[in-house]
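A.B. asks: Quick one: sequence plus predicted model below, questions after.
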Amino acid sequence: MRPRLVLLLLPLLAVAACKRQDMYTQDRSQTWDRNAFFANGTSMRHPVAGTVARVAPNPPAAAPATIDAALLARGQERFGIFCTPCHGRAGNGEGMIVQRGFTHPPSFVEGKLRQAKTQVFYDAITNGYGAMYSFADRLSPADRWAVIAYIRALQLSQNADVASLPAEDRAQLEASARQEAAK
């Protein structure tokens, strides 16, 4: 009985004696540890003269004071590139990824996002939200605000009262509806 116990415990002792053979267990110093290797006695070297400190690549930016046609055009372009695959061209959450079986994103044009503050959109674009990943490295802060302005325009356009449109816009809308019906 005793020899069997020894044979069972022997592999356990061998495994317990092993040291991980990777960078986790290597000899190393922490940033400000004392170290005799360098003349100043620290383990961290001072930066080379003239080194430029790295800052956050896209610091937050304030919302634009005015929304003009150029800002909306930029927002439409960026929305088409980055948002349409998931949220769809109309912002209704019916993008191509839904047709491929991925998670259904929220609609911008109905529901609680119509009343959401603009900061909610900015934070979601910057940090990601739910299944959506961060776009901070793809959209500059100015472009994020442009996309948000375009989303707000989409929200207004999807629920606009046709009677309140100028006559020229109403005529264009009716012509478009006739073309769609003819197809």
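C.D. replies: Structure's in. What do you need?
A.B. asks: what about the helices in the protein?
C.D. replies: Using DSSP state H, the helices found in the chain span residues 2-17, 69-78, 84-87, 96-99, 118-127, 141-158, 167-182.
A.B. asks: Tabulate these (TSV), appending mean neighbour count and mean pLDDT.
C.D. replies: Bear in mind the C-beta positions are built from the backbone N, C-alpha and C, glycine included. Converted to TSV, the helices of the chain look like this (neighbours: other CB atoms under 10 Å; pLDDT from 0 to 100):
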stretch	mean neighbour count	mean pLDDT
helix 2-17	8	74
helix 69-78	16	96
helix 84-87	18	94
helix 96-99	13	91
helix 118-127	16	93
helix 141-158	20	93
helix 167-182	10	86
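A.B. asks: among those helices, which is nearest Gly50?
C.D. replies: helix 141-158 (28.5 Å; CB to CB).
A.B. asks: Using PDB, write out every CA atom in the closest one.
C.D. replies: C-alpha atoms of helix 141-158 as PDB (Å, rounded to 0.1, in the frame of the first residue of the first chain):
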ATOM      1  CA  PRO A 141     -13.900  63.300 -32.400                       C
ATOM      2  CA  ALA A 142     -15.000  65.800 -35.000                       C
ATOM      3  CA  ASP A 143     -16.200  62.900 -37.200                       C
ATOM      4  CA  ARG A 144     -18.100  61.400 -34.300                       C
ATOM      5  CA  TRP A 145     -20.000  64.600 -33.900                       C
ATOM      6  CA  ALA A 146     -20.700  64.800 -37.600                       C
ATOM      7  CA  VAL A 147     -22.100  61.200 -37.500                       C
ATOM      8  CA  ILE A 148     -24.300  62.200 -34.500                       C
ATOM      9  CA  ALA A 149     -25.600  65.300 -36.400                       C
ATOM     10  CA  TYR A 150     -26.400  63.000 -39.300                       C
ATOM     11  CA  ILE A 151     -28.200  60.500 -37.000                       C
ATOM     12  CA  ARG A 152     -30.300  63.400 -35.600                       C
ATOM     13  CA  ALA A 153     -31.200  64.400 -39.200                       C
ATOM     14  CA  LEU A 154     -32.200  60.800 -39.900                       C
ATOM     15  CA  GLN A 155     -34.400  60.800 -36.800                       C
ATOM     16  CA  LEU A 156     -36.100  63.900 -37.900                       C
ATOM     17  CA  SER A 157     -36.500  62.800 -41.500                       C
ATOM     18  CA  GLN A 158     -38.100  59.400 -40.600                       C
END
